Each structure stands twice: as structure tokens, then as C-alpha cells.
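# need a structure here:
(chains A and B)
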There are 2 protein chains.
Amino acid sequence: MTAGLTTAQLIEKHRPTLDQALDAIRTRAYWSPYPEHPKAYGAEGTGSLSAAEGQAAFEALRGKRFELDQPGNDGWVGAEVSPFGPELGIEYPHAGIGALLPAMRAAMPEWREVGAEARAAVCLEILARINARTHEFAHAVMHTSGQAFMMAFQAGGAHAQDRGLEAVAYAFAEQERTPVSAEWSKPQGKRDPLELRKEFTPVPRGVSLLIGCNTFPTWNGYPGLFASLATGNAVLVKPHPRAVLPLALTVRIAREVLSASGFSPDLVALAAERDGEGIAKTLAVRPEIRIVDYTGSTAFGDWLEANARQAQVFTEKAGVNTVVIDSTGDYKGMLGNLAFSLSLYSGQMCTTPQNFLIPRGGITTDAGPKSYDEVVADLAAAVESLLGDDARANALLGAIVNDQVKERIDAAAQLGEVALASRAVTNPDFPGATVRTPVIVKLDGAKPDAEAAYLSECFGPVAFAVAVDSAADAVELLRRTVREKGAMTVGAYTTSPEVERLVEEACLEECAQLSLNLTGGVYVNQTAAFSDFHGSGGNPSANAALCDGAFVATRFRTVEVRRQA
Amino acid sequence: MTAGLTTAQLIEKHRPTLDQALDAIRTRAYWSPYPEHPKAYGAEGTGSLSAAEGQAAFEALRGKRFELDQPGNDGWVGAEVSPFGPELGIEYPHAGIGALLPAMRAAMPEWREVGAEARAAVCLEILARINARTHEFAHAVMHTSGQAFMMAFQAGGAHAQDRGLEAVAYAFAEQERTPVSAEWSKPQGKRDPLELRKEFTPVPRGVSLLIGCNTFPTWNGYPGLFASLATGNAVLVKPHPRAVLPLALTVRIAREVLSASGFSPDLVALAAERDGEGIAKTLAVRPEIRIVDYTGSTAFGDWLEANARQAQVFTEKAGVNTVVIDSTGDYKGMLGNLAFSLSLYSGQMCTTPQNFLIPRGGITTDAGPKSYDEVVADLAAAVESLLGDDARANALLGAIVNDQVKERIDAAAQLGEVALASRAVTNPDFPGATVRTPVIVKLDGAKPDAEAAYLSECFGPVAFAVAVDSAADAVELLRRTVREKGAMTVGAYTTSPEVERLVEEACLEECAQLSLNLTGGVYVNQTAAFSDFHGSGGNPSANAALCDGAFVATRFRTVEVRRQA
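Reported below is the predicted structural model:
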């Protein structure tokens, strides 16, 4: 696994995949090199772990110290408890930053020197080794985030790897826009031309800090990690204290590959922290830290943007996601689609819709006109039907990630008339898990006291069915919500070209990503790497999108050396 | 001139030029569509102004009100005095921001709607019309910046237009990286594939504010102006109170072209200000302003970066430019090259070298070993010889732009032993002009009191010949200077591969643009659009480079609308 590999070998091995990724981000057609189906892994000779091997590998990590030979380790920390119940019992080395940061900086010149293509190839080897262990990662993500197994496998495994590869492709393309060298010859009339030989080198910013989140440690972490690494920076990974393992495994694999290909492993390091240590705040303003990637609360994201001024700061914060329901040609499809969106991972996604704006006069559908009350009741019924079977409910909902989410579910029921009460589901495999179905609360959009509820992010399985005066009124509220609170996603259902135009115009002007009339197997809360943008970077929910040129362009600079030819 | 033009016609007219620009930024070979020689303009049938016509056009502007039909004008301002002596006597409308900003915002949806290619074509039409009036612009730049005519013609005319076009090319390429639409089909095994139709639209950030500078109103202004306009934003141009005319002409031409091609002229507007009004500070923090481009003092640049938090802020501030002199194979060529660099526009360029680091033990050259004193004396003699003829001196030096520069020249002579005294030159055409040759002052790099001098930017024709212990010592001081003070340019002369390697490594690690062993007709203080980067964006002198992907990528966002296929 860790046998020496030259960068030339890695380039030969991975260049075809990189080229396909480069093609995909240009065409935005469907593509992925990482199978999302568990059965695709573990066959003889593939080098990937089977389901049983992955589970065993995960179990073998539990109750032990997780060794990482980083310079300056000064203790052991870790107290992860699975949202499904079990304590993980894993301890991670606590980083001695004073020794670690200089080692990380010292590792960069060689990494810069080797060039963009070799860096991309090393990143792809890291991703390939992560991919081979997707079954192991699935358990690690499941038991830190509370995602159900299949989602952890897909979103925490293959799809996260996709997003990492996408970032590598963007980073590579950005660096390649300027050639390595150029001959420049400027005519001077009858005199000899002026001639220069020029060399252009992408140079790193410095040490990049990844501040991981609890719910999507890999999916939200890999883009920044790989974008920074591929552009020549060292990356310090500060995981969420409750979701260390997936990123610790990532760091260990990255260090293995870096060492095996002749680079310092200190280009990627882990900064696990003691409970309550709050190390992110200290690290983010260190002069060595020149890039910060963050996913989490608006409060800390805003703090980072305001205070980590020596760094390029990429944030994904909170937003209030809206679905405008004006009319539909597939009422049943719409209800099923929305019920799934609300339920997936108990609504604990930054992309889960929260506010459903429904005209109080009702909507037109292929099943006849439906009053506001009927729409809400039918949506509630669709959720009940989707989650009626406990096995299916558990497979979809996963576990509530922390007590605050549970408290919000209970508090939401006080905010208005409850159209669908949240139900506790028992998980027979994990009796310690808190599993809850979504709550749907009716609110009157015209009432000022309701506004406080629907204009705040209520992270978790809480949906507000907001009665509005008209479709135009809904669009106005959508605009205001995006402008003031931000939105990672917007959905809309309409058969009216005029309403469609209004919603589109609102999203273009307020800068939000829009899904129109989804009634099948694609959901507003899911985006596909290489094709969909996650966030827009243009409204208060995030200052960056995954992934575009802006996400990588400022992670490096280009230094030119010119000589008389 | 202002006849209606469809965007289709403009695309047909300008697409070949755009394609050549796109090719040039990829190859970084020499290219320019805008002739830099005055005689290239004014021929019958070209539509461009001849030398006489350009001068007449400039004279016709003097002593009058400069009309601009912007909404909300609420008075007249302007008190430009040419650094060559004459008052311009031009008054500009004072913008009523309360009426102007809403009009600018209202103009954007249509500008967004038309797409990247049409926006690029309109920008190229603006540049083409500016180019046709290069002779007029040359006088406008000369009599606001103090640049001598030929430099104003080239740097303020053709080269500024090059930088504008370069920004348009980068902006277009960045927007084109994502297709306008895509079909997405994800296989689902035996089931039907998931299919989506996706549309991607580059959307503007908002109103972009250009804060112009006194010395290079067009060259430093055009990149930000055209990058923002080409990415769909409206641009508010706030010129330096002493260099309004070149940007007012630019705004007027832009508004003409926008109107003629069916867009609101309010996409580009002027914000001239009353003396001491300090409007930049007010404008920069307005919520409508989402992008700021600035060239000027470090103090205000830092203030903008800290306070205009609602905006993307691109700054070019002050730096301390160093030349390391270790050894040379062309002593005469080196001295001549450096003498020219010091003298051009009286050293009033952000790229002019200031500190010449020379080993106190002397250097080796093709003309034998030279002591520190000899090198300094020979450099002084080279400057004297270059500027010995008053006509040539005037053509090269231009005029001192303001009293502060003059005061710095005089104060510099107190800082150490004067190797070359600054001489006042009479300009027979403009007796009111302050024309001064460079001063060269010897400093001992090891003396702490000298450090305060050479580690501060002394903007103007002031050079410090700093004695250092060795080439290695010079490289250490170079590193420290770039890291602490920033540098727009670094130069070095050496025949030693080892010293060359050390200097290169220092520039790669500290992120500064390096010119090696220039002895001919290319100077460390000049960069060519489409090939050279101006600044690196990675040291304290500037947070952006002209021009790269990072300079354009954050000026717009991409909004995706996806529908079930």
C-alpha cells in the first residue's frame, strides 16, 4: 500500500481520470469515477475493501489510539460518541502547533517545485486510496454524523471523493491557464526585436486551515482540502470534535501517499483538539495560516471573515431554504419528492428546504385545485407514508446529530399549528440512537410573530408551511429571505411560465441556485459534483460555491521570472 | 460615432480580436491590437484622431463644463491643474449618489441577460473608440499625471487599452468555463436514468467602484473597470481629483457605446468629487457597492480591505522595490538599463526600483571588478549621461506630480551621502512644470538608522545605494523587504548560478515578480499586458495581480437553474 511511487508513475496512472474530470467540469454532463453502490467494492484483486472488510477495519480502530507521526504531538484527545449510541473510544494525537506549523511550511518549497500536474496526480492517488476504503469511511461518517449507512456511504464516500476530485480538476485547470514558460518577442521596427524568456510558477499562499463540520466531515471538507493541496499549500485539518475519525483517516492516507511519493507527509496534518479548546479561533488568525475553509454556524463564519484577515476565507454558513409552491402538473410526484427532501438525514443538511410558501387561496394541480390546508395535509401524509415503515424510516432518517436539533424539533411545535407531529422511531440495531421524523408547522406569512420563525434557520427536520397571499407574494418573500438570510437552495413548483419567470429572475438577482418542478429521483437538497454548483457564493449563506474558478483562483499566486533572451 | 449597433454586429466585429487576446493570455507571447506609435493614428478613413486632431480635441475640452447626462447630477466640481503648469479649467457634474446608484442597479438585469460574449463585444467597442482617440487621451493623461507626452501616449493610451482588453479576455474566459446549458443523465442500473436540463448564468455582484489614481488613471483603472463591466456589473468611476479628465472621457465613451448598443448608459458612471470631499470612503462601504478596485496609498488600501467588507476589494498599494547587484556580464548595459528605470516618469511608478543592494566588497563585471563606490558613481554617471540633454531629460522625466514628491527628493539628500544630486530641469514648452532628475543616496545596510530610510517607500526619483555584506546578505534583505513592505518588482544582476538560484527562491517564496539581468530595452518597471503579470497579489504591495483568473473570478457568481428533463 505504501510502496514508493514516482510522480511520473502517478501521473501516468491518474492523468486519464484527471482529463475526464476536466472534461466533465467543462460540459457539466454526468460523470463520476467513484461507484456509489456498496457492491461495487471489495471484489478480488481490486484492492478495495468489501463490506465486511470495511466494517472490520472500522471496528479495529475503536477503543484505540489513532497513531499519526506528526512533529510536536503533545498529548491525546478525543471523545467521539456515535449519534447512534456507541462511544468510539478513539484518541487522536494533540498537535503541538509550535512545532507542526514550521514543519508544514518547510514542506512547501518541494511541493511547489514539482509542479501542478504532479500535485494533481498525488491528490488523485490519495483519493483513490480513500475510495478503496469507502466501506470503512462509510462507518466512520455514519458514527460521527448520524447519517444512515447508505447515505454515509454515498455522500460521505463516493460523492465526497467526487467533490475532492472536482476541486483538484479546478485547481489544475487554474494553474495550467498560464504556461510554464514563454518566449516573448516584441517587434521594434527596423531595430532588433525585444526578446525575453519568461517562466511562470504557481506558488502557494501558505498553510491552509480546514475547519471541519459535524454533519458532513468529508463532503464539506474535501473541496477545500484538495483545492489547497493541489495548488501547492500545506493543509492543516481541524475536525469538528464530534467528527474527527473521517478526517483523521483522510489525513493518515494523505500522509502515507505523500511519503510514498517522496514528499514530506507534513503537507497534510491533523489538529484534533480537547473538548472546549476552541483551537479554530486561535489557528485561524495565525500569520502562517493564509487560507481558511469553513463549514458551520453563521456566527463563527462571520467571525472568521471579519478576523482572519491575513487569510483567504471560504465559508459555508447557514441559510433559509425556500420552496415556492404555485401549481404543479404532477401533484403526487411533487409531494413525494418534497417528503423525501424533508426526511433525508432528518433534514440535517444545509440544503434541506425549510419554508414551503403556499398561496392561502390554494394551488392548481393535475389532481384538481387544492386548498392551502389540503396541500399541507397531503404533504404531511406523504411524509407519513414515506416513513411509515420503521426500517425504511431508519434507513432514510439516520440519527439526530445532537441535542440542539432535538430541542429545535420540540420547540418548533410551539410555533404554530402542527400539521405533522414529529415521531420518535426506534432503531433496532442502535437502541441508543435518537431518530425523529420531520415536524411540519403551519404559519401565516402575514403575521409578524410568524416571521421570526420562518426567517431564521431552524436546522433539522422542521418545515414551515407558510401561507402567502399569492405567487407574487411568495416570490417577494423568497427574495427577501435570500437577501437577508441567504439560501443554499431554492425550489419551485409551477406550471405558469409567468411565475417561473418571476422565480428565476428572483434567483438570478438574489443569487441562489434553483431547482424547478422536481418530481422524480433528484432532490432539491442534492447536488452532483462536476455538474451542479453547491451554493452560489453570492448570498449570505456562503461566500463561495463548490466548485468554481473563484474557489481555487486565490489559493495560489503566479510568480514570473523573466530574463533577457 | 454613436449610431445604433446591435450586439450581433459588435460580436462579429470584435470576436476575432477577442480570440487573439484569449490566445495571447494562454501563450503569453507578445501581442497587442493597439499601436503604441503616435504615427499609427489619424490616417484618412481609419476614424482615429491624428496628432493635431487629438490635441485640438483636448484643447476644446479646456475651460468648459464636461457634460454627462447621468441621473441625479447635483452640481459641478473640478479644479485640475496640469503638473506641467496650466489649469485645465474643466468642471464635471457632481453625482447625486442617491439617484445614481439605483439607476445603475436597475441597468444590470438587461446587461446580465445579454450574456458574456455580447458584454465582451460591447467592452471591445468601448476600447476601440478610446483607441481611436489615443492622441486626445495622451494629452489628458499628460496634463493630469505629469507623464511626458510619449509615455502618456503609450502607457496612458495603447498600453492601458491593452490592460483593459486583457481584463475583458480573462473575464470572458472565466464566464465561458461553465456552459450556458447542459443535459445531465445519471444511469440508474435497470431503471430509467435521472435526467435534468441545466442552465448556468453568470450574474453580477452589484455596483463596482473604481477608485482612480493620480499617476496612472487609465493604466491602473482600466483592468478593474473592464473586468467588472465584462462580468455584468455596473461600474462607478471615482477618479482622483487631480486626474479626472482621462476617466471622464472614458466614462463618456462607455456611456455612448452602451446607449448605441441598446443598454442603459448608467452601467458606467462618473463620481467626480469636490476637493476634500473624500467620497471614496463613503462610497466604498455603501451596501450597493460589491466590488472595489483601488490603486494608491497603503493606508487607504488597508482601510478599504478592513472596512469595505460587503465588497470584493482589489488593491494595489505601496511597496519597496529592490534590485540586487551581484555581478554582471554587461556592466555598461546594466548601468544604462538601471539609469533609464530610475529616470522614467521621474521614478513616479509603483514599479520603479528604489533600493540597489550592492556588496560593500564590490562586484565582478565584464569590465573588471568594481568597488561599491565605483558602482554607485558609475550608476550616477549613467543617469547624468542619460539626462544630460534637457530636451531628452524632459521627454523622459515628465513633471513632478505633486509637492510631496518634490519634498521627498529634497529630504532624501539629508539621509546619507549624496552620490548624485537631483537637478531641476527647465521645460521650455511648460515653464510652470517642476522637472527633477533622480537623487541617488548611499546608505549602509548594516546601520539601523539607515534602515528606516530604505525600508520605507520613498515614492519619486529617489534611489538608495545600499551597501550590504554579500550577495547572500542582499538576498536576506530582499526577502525581508518583500515580506514586510511588499514589492511590485524585483530586479537582479548576477552571473553566478548560485546567486541567481537564491534570488529566484526568495522571489518564489516571498511572492514577487523578478526581472533578471535586464541590460537592453526592457526595464524592470515595465510590464506588457497579455504576457507579464503586474504585481503578484501575494505580498503586501498588492492583494491582486493584473491580470489573472483571481482578478476576475470573484466579480461574478454562477446561478444554476435545473429542471427535470
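# for the most centrally placed residue in chain A, phi and psi?
With distances taken as CA atoms, centre = their mean, the residue of chain A nearest its centroid is A:Asn220 (2.6 Å). Backbone geometry at A:Asn220, expressed as degrees, to the nearest 10, gives phi -80, psi -20.
# pretty sure it is in contact with A:Cys213, am I right?
Yes. Here A:Asn220 reaches A:Cys213: they are 5.4 Å apart, a contact under CB atoms under 8 Å. Glycine gets a C-beta too; all of them are placed from N, C-alpha and C.
# spell out which parts of the stretch 101-250 of chain A neighbour chain B.
Applying CB under 8 Å from any CB of the partner chain, one finds that the stretch 101-250 of chain A approaches chain B through A:109, A:112, A:173-174, A:177-179, A:182-188, A:194, A:196, A:198, A:200-201, A:203, A:205.
# please narrow those residues to those residing in helices.
Mapping those onto helices (DSSP state H) picks out A:109, A:112, A:173-174.
# list only buried entries from those residues.
A:112, A:173-174 (16 or more other CB atoms under 10 Å in any protein chain shown).
# show me what contacts A:Ala140?
When contacts are counted by CB atoms under 8 Å, 6 or more residues apart in numbering or on different chains, A:Ala140 touches A:58, A:61, A:156, A:245-246, A:249.
# same check, this time on A:Tyr345
So A:Tyr345 contacts A:146-148, A:151, A:215, A:352, A:396-398 (CB under 8 Å, 6+ apart).
# show me the contacts for A:Ile280.
One correction, residue A:280 is Ala, not Ile. Counting by CB under 8 Å, 6+ apart, A:Ala280 has contacts A:209, A:211, A:238, A:273, A:300.
# can you tell me which of these is nearest chain B?
A:Phe300 (16.1 Å; CB to the nearest CB).
# just confirm yes or no for the helix or strand where the closest one lies near chain B.
Using DSSP states H and E, A:Phe300 sits in helix A:298-307. Yes. Counting by CB under 8 Å from any CB, chain B is contacted by helix A:298-307 at A:305-306.
# and whichever helix or strand comes after that helix, how far out from the chain middle?
As assigned by DSSP H and E, the chain's next helix or strand after helix A:298-307 is strand A:312-316. Here strand A:312-316 shows a centroid-to-chain-centroid distance of 13 Å under the convention CA atoms, centre = their mean, to the nearest Å.
# give me the pLDDT for the residue located most distally from the centre of chain A.
Distance to the chain centre peaks in chain A at A:Lys190, reaching 59.4 Å (criterion: CA atoms, centre = their mean). A:Lys190 carries a pLDDT value of 92.
# cool, A:Pro241 as well?
pLDDT, read off for A:Pro241, is 96.
# my read: it touches A:Ala271, true?
No. The criterion here is CB under 8 Å, and A:Pro241 misses it with A:Ala271 at 11.1 Å.
# quick one: which of these two has more around it?
Set A:Pro241 next to A:Ala271 and count neighbours by other CB atoms under 10 Å in any protein chain shown: A:Ala271 wins out with 27 against 20.
# backbone phi and psi for that one, please?
phi -120, psi 70.
# quick one on the thing from earlier: can you redo the buried ones among the ones in helices among the residues of the stretch 101-250 of chain A next to chain B as TSV with distance to A:Ala24 and pLDDT?
Formatted as TSV, these follow (distance: CB to CB, whole Å; pLDDT from 0 to 100):
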residue	distance to A:Ala24	pLDDT
A:Arg112	27	98
A:Ala173	11	98
A:Glu174	16	98
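# which among those gets closest to chain B?
A:Glu174 (5.5 Å).
# so the residue nearest to that closest one when sequence neighbours are not counted is in which element?
Spatial nearest neighbour of A:Glu174, chain neighbours left out: A:Val552 (4.8 Å); criterion: CB to CB, 6 or more residues apart in numbering or on different chains. Using DSSP H and E, A:Val552 maps to helix A:549-553.
# so what's the residue count around the residue lying closest to A:Pro287 once chain neighbours are set aside?
Using CB to CB, 6+ apart and skipping the chain neighbours, the partner closest in space to A:Pro287 is A:Gln310 (5.8 Å). Neighbours of A:Gln310 under the rule other CB under 10 Å: 16.
# list the contacts for the residue nearest to A:Glu174?
A:167, A:170-171, A:174, A:227, A:230-231.
# out of the residues you listed, which are inside helices?
A:167, A:170-171, A:174, A:227, A:230.
# need the max-distance pair from those residues.
A:Ala167 and A:Glu174 (10.5 Å; CB to CB).
# list the beta-bridge partners for whichever residue of the stretch 201-350 of chain A sits closest to chain B.
Across the stretch 201-350 of chain A, no residue is closer to chain B than A:Val203, which sits at 5.4 Å (CB to the nearest CB). Legend: beta-bridge partners of A:Val203 under DSSP bridges are A:Arg557.
# and the helix or strand of chain A with the lowest mean pLDDT, which residues are buried?
Counting by mean pLDDT, DSSP states H and E, the weakest-scoring helix or strand in chain A turns out to be helix A:448-454, with a mean of 93. Residues A:450-451, A:453-454 are the ones in helix A:448-454 that count as buried (16+ other CB under 10 Å).
# swap in stretch A:195-203?
For stretch A:195-203, by 16+ other CB under 10 Å, it's A:195-196, A:198-203.
# using CSV, lay out the residues you listed together with distance to B:Val425.
Formatted as CSV, the buried residues of stretch A:195-203 follow (distance: CB to CB, whole Å):
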residue, distance to B:Val425
A:Glu195, 33
A:Leu196, 32
A:Lys198, 35
A:Glu199, 39
A:Phe200, 40
A:Thr201, 42
A:Pro202, 45
A:Val203, 42
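# would CSV of those residues with pLDDT be doable?
CSV is the format used below for those (pLDDT from 0 to 100):
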residue, pLDDT
A:Glu195, 97
A:Leu196, 97
A:Lys198, 98
A:Glu199, 98
A:Phe200, 98
A:Thr201, 98
A:Pro202, 98
A:Val203, 98
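# so which of those residues are in strands?
Mapping the buried residues of stretch A:195-203 onto strands (DSSP state E) picks out A:195-196, A:198-203.
# closest to B:Lys406 among the residues you listed?
For those, the nearest to B:Lys406 is A:Leu196 (34.7 Å; CB to CB).
# how about the residues of the stretch 301-450 of chain A that lie near chain B?
Residues of the stretch 301-450 of chain A lying near chain B (CB under 8 Å from any CB): A:305-306, A:309.
# of those residues, just the buried ones, PyMOL syntax please.
The PyMOL selection below is limited to those of these classed as buried (16+ other CB under 10 Å):
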select buried, chain A and resi 305
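# tell me the contacts of A:Pro71?
Taking CB under 8 Å, 6+ apart, one finds A:96, A:99-100, A:103, A:266 in contact with A:Pro71.
# just the buried residues of those residues.
For those, buried by 16+ other CB under 10 Å: A:100, A:103, A:266.
# need the three-state assignment for the last one.
Right, A:Asp266. Classification of A:Asp266 by DSSP: H, G, I helix; E, B strand; the rest coil places it in helix.
# you'd agree it is up against A:Ala103?
Yes. With contact defined as CB under 8 Å, A:Asp266 reaches A:Ala103; the gap is 4.3 Å.
# give me the common contacts of the two.
By CB under 8 Å, 6+ apart, the residues touching both A:Asp266 and A:Ala103 are A:70-71.
# show me the helices in the stretch 351-500 of chain A, by range?
A:372-386, A:390-397, A:403-412, A:448-454, A:471-485, A:497-510 (DSSP state H, counting those that start in this stretch).
# same list (these) but as TSV, adding distance to B:Glu500.
Shown next, in TSV, are those (distance: least, CB to CB, whole Å):
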stretch	distance to B:Glu500
helix A:372-386	69
helix A:390-397	63
helix A:403-412	59
helix A:448-454	65
helix A:471-485	54
helix A:497-510	52
